[in-house]
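sequence and computational prediction follow.
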Amino acid sequence: MASPLDVFRADALAGHVAVITGGGTGICKGIARAYARLGCRVCITSRKQDVLDATAAELRAETGQDVLALAADVRDPDAIARVLDAARARFGKLDTLVNGAAGNFLAPATALSPNAFRTVVEIDLVGSFHAARAAFAALRDAGDGLVLNITATLHYHGTPLQLHASAAKAGVDAMTRNLAVEWGGAGVRVVSIAPGPIGDTEGMRRLAPGDAAARAKRGIPLGRFGEIDEIAAAAVFLRSAAAAYVTGTVLVVDGGHCVNQPMMLMS
Ligand code: COA
Ligand code: NAP
């Protein structure tokens, strides 16, 4: 079956080395697969070593690439720094960090305990900062470094039951702009991809369970959920030389979901 990745040359990412947080599952597993398929050496990291090992074995068999799998919690700055160092030591360089690790659940603001709010902000926002901070020297030394943050469109509007994740992802997009400005002179680009609703992911299982999925599709101009490979294709573009002048921006890949504002009479 045709994949959006088929448009890329087989060696489009040859010579690159990426660490992908959250790379054992879902969207970021798709990014890891696409990167490895196109010649990038990849290290995936998240909390669960068994999940990472299974994904790495699958990707090695599928792509023939050396895929490293190292567990770390992004909330622990030393642990994520050790993973970045190990990937650089194994592959001789590190030029790409994909910050995909995240946590989310549906909860009204009144039901969010201080620890619930803090947990999501610490994984999505503070964890992305820990990884970017620890990766900076390697990304600078590589000459064409990239930080790719996986955010969302939740914070473009007041999304119900999503205060914690909206606050976290808004912070990540702010970090994208600030780091792009501070690190551009060091040759490091910093960008976000904001996926809309993507099918067959833990995110959508949590945010649109059961009948909610069909209702959610009605609000998407393209009339369907996105596919993991459609986010992976955007991630390949942003890593490739084709995006060498792209930094400090958010690429929204959402089928038009976030610009859809149905008139009251029509909804
Ligand atoms: N509603 C309200 N609060 C919730 C909740 C829910 N559905 N799920 C968890 N919490 C609260 C917990 O009660 C706890 O707060 P408390 O200590 O005041 O009771 C706090 O969040 C932390 O929960 P805990 O389970 O200890 O956190 P964790 O670090 O083990 O796991 C989560 C982090 C909660 C985000 C967990 O869902 C997770 O691991 N998610 C990863 C996968 C994922 O979310 N994928 C989708 C990405 S978009
Ligand atoms: P997912 O499969 O659950 O991915 C989240 C990953 O983060 C998991 O691999 C998880 O692995 C890892 N993780 C969670 N907490 C961590 C921690 N403390 N330290 C290290 N790793 C941690 O969900 P997904 O739906 O594919 O989401 C992937 C990304 O896309 C997220 O950033 C999400 O916000 C974003 N997004 C998704 C959608 C969607 O429609 N699905 C829409 C918009 C944005 P472990 O459990 O092993 O740690």
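Alright, I've got the coordinates. Numbering: from 1, shown residues only. Ligands and ions are numbered 1, 2, ... in the order given.

burial measure for residue 212, as a count.
Taking other Cβ atoms under 10 Å as the criterion, the count of residues near residue 212 is 12. C-beta coordinates here come from the backbone N, C-alpha and C atoms, glycine included.

can you tell me the element whichever residue of the stretch 101-250 of the chain sits closest to ligand 2 falls in?
Proximity to ligand 2, evaluated over the stretch 101-250 of the chain using Cβ to the nearest ligand atom, is greatest for residue 203 at 2.5 Å. Assigned by DSSP states H and E, residue 203 falls within helix 202-207.

only the buried residues of that helix, if you could.
With burial defined by 16 or more other Cβ atoms under 10 Å, the residues of helix 202-207 counted as buried are 203, 204, 207.

need the residues of the stretch 1-150 of the chain near ligand 1, please.
102, 103, 104, 105, 107, 111, 113, 115, 116, 119, 120 (Cβ under 6 Å from any ligand atom).

out of these, which end up buried?
Under a neighbour-count criterion of 16+ other Cβ under 10 Å, the subset of these counted as buried comprises 102, 103, 104, 107, 119, 120.

so which pair among those is furthest apart in space?
Using Cβ to Cβ, the two most remote members of these are 102 and 107, lying 15.0 Å apart.

quick one, what contacts residue 135?
Remark: with contacts taken as Cβ atoms under 8 Å, 6 or more residues apart in numbering, residue 135 is in contact with 19, 84, 94, 97, 145, 147.

and the fourth one, which of the three is it?
Classification of residue 97 by DSSP: H, G, I helix; E, B strand; the rest coil places it in strand.

quick one: residue 263 from residue 157, how far?
Counting by Cβ to Cβ, to the nearest Å, the separation of residue 263 from residue 157 is 16 Å.

pick out whichever of those two has more residues nearby.
residue 157 (11 against 6).

is any part of the helix or strand where residue 34 lies close to ligand 2?
Residue 34 belongs to helix 26-37 when elements are defined using DSSP H and E. Yes: contact of helix 26-37 with ligand 2 (Cβ under 6 Å from any ligand atom) involves 26, 27, 28.

now those: which count as buried?
Buried residues within the residues of helix 26-37 next to ligand 2, defined by neighbour count using 16+ other Cβ under 10 Å: 26, 27, 28.

okay, the second one: pLDDT?
Reported pLDDT at residue 27 in the predicted model: 99.

do I have it right that it meets residue 194?
No: if you go by Cβ atoms under 8 Å, residue 27 and residue 194 don't touch, sitting 11.6 Å apart.

tally of neighbours for residue 131?
The criterion is other Cβ under 10 Å. On that basis, residue 131 has 27 neighbouring residues.

need the three-state assignment for it.
With three-state DSSP as the criterion, residue 131 reads helix.

let me know the average pLDDT across stretch 73-88.
For stretch 73-88, mean pLDDT rounds to 99.

in a markdown table, list the contacts of residue 135 along with secondary structure and neighbour count.
Formatted as a markdown table, the entries for the contacts of residue 135 read as follows, by DSSP: H, G, I helix; E, B strand; the rest coil; neighbours: other Cβ atoms under 10 Å:
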| residue | secondary structure | neighbour count |
| --- | --- | --- |
| 19 | strand | 30 |
| 84 | helix | 27 |
| 94 | coil | 26 |
| 97 | strand | 28 |
| 145 | strand | 23 |
| 147 | strand | 25 |
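
re the thing from before, rebuild the residues of helix 26-37 next to ligand 2 as JSON lines, extending it with distance to residue 176.
Shown next, in JSON lines, are these (distance: Cβ to Cβ, whole Å):
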{"residue": "26", "distance to residue 176": "21"}
{"residue": "27", "distance to residue 176": "17"}
{"residue": "28", "distance to residue 176": "17"}
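
before I go, just wanted to say thanks for your time.
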